[in-house]
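**Q** Coordinates only, no sequence provided:
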DNA sequence: TAACTGTATTATGTTATATAATACAGTTAA
DNA sequence: TTAACTGTATTATATAACATAATACAGTTA
């Protein structure tokens, strides 16, 4: 499914969060599809169940999944409104990095080329 | 000069590092110009001297400043070769965020517009 | 010499992260 | 009904990163 790097400075639960979030956004986990159980993931990735739980809880709070007592965790339907918040966040980050690039005197043409190129190469869907 | 947010999850020494790095890259601190002393900054920002020292040490290792025993810390001349490493780092981050945007189905035209806009608005120099 | 600088070390405290070990409750299939 | 799954919650423990505190020493400068 995916991997976590226990030596990374990024917390495991945050890596988990990002990975699952990505799988949902990319459509690899569809609406109402069940995720692996906490214990299953824990043993699969050799990570403590509590750590998985922390990631899942965050995913639930942020609207990516929903939990059913005794049944499991499932991918939520991503509504448009919510997705817009996501998009705004990405745009903000994008602006920051563009300023950073400008600071380093990277010409705008280079950035445009990079943008086109990266967008093309991005895995579709 | 700048501020640090002690409640941020970004370590103080890292905020210091970023702030000073930025001042140098933006040309607000010029080549061979002396930086405030460690103790001075420490009392100014009410941060422990050791924390400042950690930021300065990192800045020195990364080629932004040089230290003279008993004299102080000074901004280094940024050579082209080094700047290229910086640029590569920013480009990498840029690619990642563009993929993120694509994931959220932001059309490339929006990103192009955003790019032009952000680049224009960026404080010059 | 006094008052600055950088540098280094040791000790202490705090917080976030992660693990371990349980326990309890809901669901499901045999 | 029971066994084996699920989620949920709690308490305890360990560790590492971060930051502070308190010194000490060495080089520079007026």
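**A** Received it, and whenever you're ready, just let me know what you need. Just so we're clear, the structure is a prediction, and the values are computed from it rather than from any experiment.
**Q** Does residue A:19 touch residue A:2 like I think?
**A** Yes: with contact defined as Cβ atoms under 8 Å, residue A:19 and residue A:2 form a contacting pair (4.2 Å). For the C-beta atoms, the positions are set from N, CA and C on the backbone; glycine is no exception.
**Q** quick one: is the lowest-mean-pLDDT helix or strand in chain A near chain B?
**A** Lowest by mean pLDDT, DSSP states H and E among the helices and strands of chain A is helix A:80-103, with a mean of 90. Yes: Helix A:80-103 lies within reach of chain B by Cβ under 8 Å from any Cβ of the partner chain, at A:83, A:86-87, A:90-91, A:93-95, A:97-103.
**Q** Now do that helix: everything it contacts.
**A** By Cβ atoms under 8 Å, 6 or more residues apart in numbering or on different chains, the residues outside helix A:80-103 that reach it are A:25, A:63, A:108, A:111, B:22, B:25-26, B:87, B:90-91, B:93-94, B:97-98, B:100-101, B:104, B:106, B:111, B:114-115, B:118-119, B:122.
**Q** Chain A: helices as residue ranges?
**A** A:12-25, A:38-45, A:49-61, A:80-103, A:108-121 (DSSP state H).
**Q** TSV please, covering those helices and showing distance to DNA strand C.
**A** TSV is the format used below for the helices of chain A (distance: least, Cβ to the nearest atom of the strand, whole Å):
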stretch	distance to DNA strand C
helix A:12-25	3
helix A:38-45	8
helix A:49-61	4
helix A:80-103	19
helix A:108-121	29
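**Q** Which among those is found nearest to residue A:73?
**A** helix A:49-61 (5.6 Å; Cβ to Cβ).
**Q** Please see if the closest one touches chain B.
**A** No: using Cβ under 8 Å from any Cβ, helix A:49-61 stays clear of chain B, with a minimum separation of 14.5 Å.
**Q** Could you check stretch A:88-101 and say which residues are buried?
**A** Using 16 or more other Cβ atoms under 10 Å in any protein chain shown as the test for burial, stretch A:88-101 gives A:90-91, A:93-95, A:97-98, A:100-101.
**Q** any chance of those residues in a markdown table, plus distance to DNA strand D?
**A** Converted to a markdown table, the buried residues of stretch A:88-101 look like this (distance: Cβ to the nearest atom of the strand, whole Å):
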| residue | distance to DNA strand D |
| --- | --- |
| A:90 | 25 |
| A:91 | 28 |
| A:93 | 21 |
| A:94 | 26 |
| A:95 | 26 |
| A:97 | 22 |
| A:98 | 27 |
| A:100 | 21 |
| A:101 | 25 |
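**Q** Could you save those as TSV and add columns showing distance to residue B:39?
**A** Formatted as TSV, those follow (distance: Cβ to Cβ, whole Å):
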residue	distance to residue B:39
A:90	41
A:91	41
A:93	36
A:94	39
A:95	37
A:97	35
A:98	37
A:100	31
A:101	35
